[in-house]
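>>> predicted structure and sequence below. I'll ask about it afterward.
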Amino acid sequence: MSPPSCLRCETPMEKGFYVDFAHANLMQSRWCAGDPEPGWLRITEVKGAQAKAGIRVVAYRCAACGYIETYAPPE
Ligand SMILES: [Zn+2]
């Protein structure tokens, strides 16, 4: 996917990603279908097939105005 231009100011956007923390590891965020389930100590859990089916989330940021767009492209 080629970097999009900002919808707000039409500046070319920079590719990046969101970081998640899991068991002291840094991981790329994933998009999962459906709703998360509340887990132990109210920590959200993504279970079974839902976790395996997750798609890495790609984020594009506009350096001029800070607008961010996110995508979950096919892997
Ligand atoms: Zn912009």
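Yep, it's here.

>>> okay, CA-based contacts and neighbour counts for the rest of this
Fine.

>>> gap between the residue positioned nearest the centre of the chain and L41?
Taking C-alpha atoms, centre = their mean, the centroid of the chain lies closest to V57, which sits 3.2 Å from it. When C-alpha to C-alpha, to the nearest Å is applied, the distance between V57 and L41 equals 26 Å.

>>> swap in K15?
The span separating K15 from L41 equals 34 Å under the rule C-alpha to C-alpha.

>>> state the mean pLDDT of stretch 36-54.
If you average the pLDDT over stretch 36-54, you get 69.

>>> what's the local residue count around D35?
10 (other C-alpha atoms under 10 Å).

>>> over to S29?
17.

>>> for the residue lying closest to V57 once chain neighbours are set aside, give its distance to E37.
Ranked by C-alpha to C-alpha, 6 or more residues apart in numbering and with sequence neighbours excluded, the top spatial neighbour of V57 is A72, at 4.7 Å. As judged by C-alpha to C-alpha, A72 and E37 stand 21 Å apart.

>>> and the two? Which one has more around it.
When neighbours are counted by other C-alpha under 10 Å, A72 comes out ahead of the other of A72 and E37, with 15 against 12.

>>> need the residues of this structure near the ion, please.
Contact residues, the chain versus the ion (C-alpha under 5 Å from the ion): C6, R8, C9, C62, C65.
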